[in-house]
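J.: Predicted model and sequence below, questions to follow.
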Amino acid sequence: MELKTPLYDAHVKAGGKIVEFGGYLLPVQYGTGVIKEHMAVRTQAGLFDVSHMGEVLCEGKDALANLNQILTNDFTNMVDGQARYSPMCNEHGGTVDDLIVYKKSDEHYFVVVNAANKDKDYQWMLRHQFGEVTFKDVSSEYAQLALQGPKAMEILKKLTAEENIPEKYYHAVFDAEVAGIPCIVSKTGYTGEDGVELYLASEKAEEMWDALLEAGKEEGLVPCGLGARDTLRMEAAMPLYGHEMNDDITPLETGLKFAVKMAKNDFIGKSALEEKGTPSIKRIGLKVTGRGIIREHQDVYVGDKKIGHTTSGTHCPYLGYPIAMALVDADSVEIGDTVEADVRGRRVAAEVVALPFYKREK
């Protein structure tokens, strides 16, 4: 059975083209289309419904110890209100999911997981918990909206006081209020732009959605669907679970070494990662130079030698050309090299480029 987010009716009313994603019915785009939505986020602002994401509370005296054991990053030195990204590994070093942990206080953490993995992740946490800790799935209680783009902060400031807006990236204000609605305001996002993600009670979602769209009219704020969310994260080279990583691909193989703290005490998957040693594959960026668009699951070649496969690929509206990410043999290519992808039996040329493809000017 497909689930609806609290904003389903609002999407239908606004002309959203509804598709199934991660078990939820969500808009892939609105009447404006993916390109206009994408460009709005890069140049003005866009509003996304990400209520399909999962939320888990981790609380108790041993909450920190549990997070450090279950996740690859280290949460020891976090301050209240800080957020930290982390993969979660299985015993073989493969990736169960990637997620974000927010510290509310020493014994209270708020964990945000991917929609499609919500139940899997929650069961994994319950299976590996120890000591004085409780994990509680609170996904149904929360809606999540993402306000993203260079004008996002201007729009937000019309609806809330300065102290409700986090000063730093990857920080959150827990007991905030926007448009008179209690919420968590988090300076995070999945677009490569400035912006916030708001967590609030499900029943207040439509009220918040309407208030933000109304406040952002002058700034060119538009509602955005999953299509633009994907092209934006691609330009920013942000990995997506099930594409750049999965139960068999380790975080180190997909370039997430910054979030894997091998120096900390034991964590699930650590010994497997040590055994594997230096990763034999790596994630690369490809700028398509030939004719055509490279999609996911396409073999990548240097001459006649297959070196790997693509994990995501699309035409990027802001950059104006097609790009792809691929997992390839670690020593096969360097930045500047030329490769070819097999697109339905036809070879399409691409250049290996540095990631991210797009980086906003600070």
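T.: Happy to help now that I have it.

J.: three-state assignment of the nearest residue to residue 276 once chain neighbours are set aside?
T.: Leaving out its chain neighbours, the residue that sits closest to residue 276 by Cβ to Cβ, 6 or more residues apart in numbering is residue 93, at 6.0 Å. Every residue, glycine included, has its C-beta placed from N, CA and C. Secondary structure state of residue 93, per DSSP: H, G, I helix; E, B strand; the rest coil, is coil.

J.: same deal with residue 356?
T.: coil.

J.: So what's the residue count around the closest residue to it other than its chain neighbours?
T.: Nearest non-adjacent residue to residue 356, counting by Cβ to Cβ, 6+ apart: residue 237, 3.7 Å away. Neighbour count of residue 237, defined by other Cβ atoms under 10 Å: 21.

J.: For residue 237, which residues are in contact?
T.: When the contact criterion is Cβ atoms under 8 Å, 6 or more residues apart in numbering, the partners of residue 237 are 285, 325, 355, 356, 357, 358.

J.: from the residues you listed, which is closest to residue 79?
T.: Nearest to residue 79 among those: residue 356, at 26.9 Å, using Cβ to Cβ.

J.: Contacts only, for that closest one.
T.: By Cβ under 8 Å, 6+ apart, the neighbours of residue 356 are 192, 235, 236, 237, 238, 285.

J.: shaky segments in the chain?
T.: Across the chain, nothing is flagged by pLDDT under 70.

J.: switch to 90 and redo it
T.: In the predicted model, the chain carries pLDDT under 90 at residues 1-2, 22-23, 361-362.

J.: any chance you could map the strands in the stretch 51-200 of the chain?
T.: Secondary structure of the stretch 51-200 of the chain (DSSP state E, counting those that start in this stretch): strands located at 54-59, 83-89, 95-105, 108-113, 134-137, 142-148, 172-178, 181-186, 195-201.

J.: Pairing partners for the first one, with directions?
T.: The reference is to strand 54-59. Sheet pairing of strand 54-59 (DSSP bridges) gives strand 108-113 (antiparallel), strand 134-137 (antiparallel).

J.: quick one: it to strand 195-201, angle?
T.: 70 degrees (axes from the mean of the first three to the mean of the last three Cα atoms, to 10 degrees).

J.: returning to that earlier point: reformat the contacts of residue 356 as a markdown table; add secondary structure and distance to residue 186.
T.: Listed next are the contacts of residue 356 as a markdown table, based on DSSP: H, G, I helix; E, B strand; the rest coil; distance: Cβ to Cβ, whole Å:
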| residue | secondary structure | distance to residue 186 |
| --- | --- | --- |
| 192 | coil | 16 |
| 235 | helix | 21 |
| 236 | coil | 17 |
| 237 | coil | 21 |
| 238 | coil | 16 |
| 285 | strand | 27 |
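
J.: ok so, going back, now list the buried members of the contacts of residue 237.
T.: 285, 325, 355, 357, 358 (16 or more other Cβ atoms under 10 Å).

J.: Find the pair from those residues with maximum spatial separation.
T.: Using Cβ to Cβ, those span at most 12.9 Å, a distance reached by 325 and 358.

J.: on that earlier part again, out of the strands of the stretch 51-200 of the chain, which is closest to residue 244?
T.: strand 95-105 (9.3 Å).

J.: Work out the sheet partners of the closest one and label each with its direction, please.
T.: strand 83-89 (antiparallel), strand 108-113 (antiparallel).

J.: now these as TSV including distance to residue 184 and mean neighbour count?
T.: Putting the strands paired with strand 95-105 into TSV (distance: least, Cβ to Cβ, whole Å; neighbours: other Cβ atoms under 10 Å) gives the following:
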stretch	distance to residue 184	mean neighbour count
strand 83-89	10	22
strand 108-113	7	22
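
J.: could the ones you listed go into a markdown table alongside distance to residue 301?
T.: What follows is those, written out as a markdown table (distance: least, Cβ to Cβ, whole Å):
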| stretch | distance to residue 301 |
| --- | --- |
| strand 83-89 | 29 |
| strand 108-113 | 36 |
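
J.: out of the buried ones among the contacts of residue 237, which one sits closest to residue 14?
T.: Distances from residue 14 to these, taken by Cβ to Cβ, are shortest for residue 358, at 27.0 Å.

J.: For that closest one, which non-adjacent residue is spatially closest?
T.: Nearest non-adjacent residue to residue 358, counting by Cβ to Cβ, 6+ apart: residue 235, 3.9 Å away.

J.: Report the contact partners of the one you found.
T.: By Cβ under 8 Å, 6+ apart, the contact list for residue 235 reads 192, 316, 318, 319, 323, 356, 357, 358.

J.: again, only this time at 10 Å
T.: Residue 235 makes contacts with 38, 41-42, 191-193, 314, 316-319, 323, 356-360, as judged by Cβ atoms under 10 Å, 6 or more residues apart in numbering.

J.: would you list every one of the strands in the stretch 201-350 of the chain?
T.: Applying DSSP E, counting those that start in this stretch to the stretch 201-350 of the chain gives strands spanning 222-224, 281-288, 299-302, 305-316, 321-329, 338-343, 346-353.

J.: most tightly surrounded among these?
T.: Comparing the strands of the stretch 201-350 of the chain by mean neighbour count (mean count of other Cβ atoms under 10 Å), strand 222-224 comes out on top with a mean of 26.

J.: can you give me the offset of that one from its chain's centre?
T.: How far strand 222-224 lies from its chain's middle: 18 Å, per Cα atoms, centre = their mean, to the nearest Å.

J.: Same check on stretch 158-167?
T.: Chain-centre distance of stretch 158-167: 23 Å, with Cα atoms, centre = their mean.

J.: who's in contact with that stretch?
T.: If you take Cβ under 10 Å, 6+ apart as the criterion, stretch 158-167 is touched by 81-83, 147, 153, 156-157, 171-173, 175-181, 183-188, 196, 198, 208, 211-212, 214-216, 218-219.
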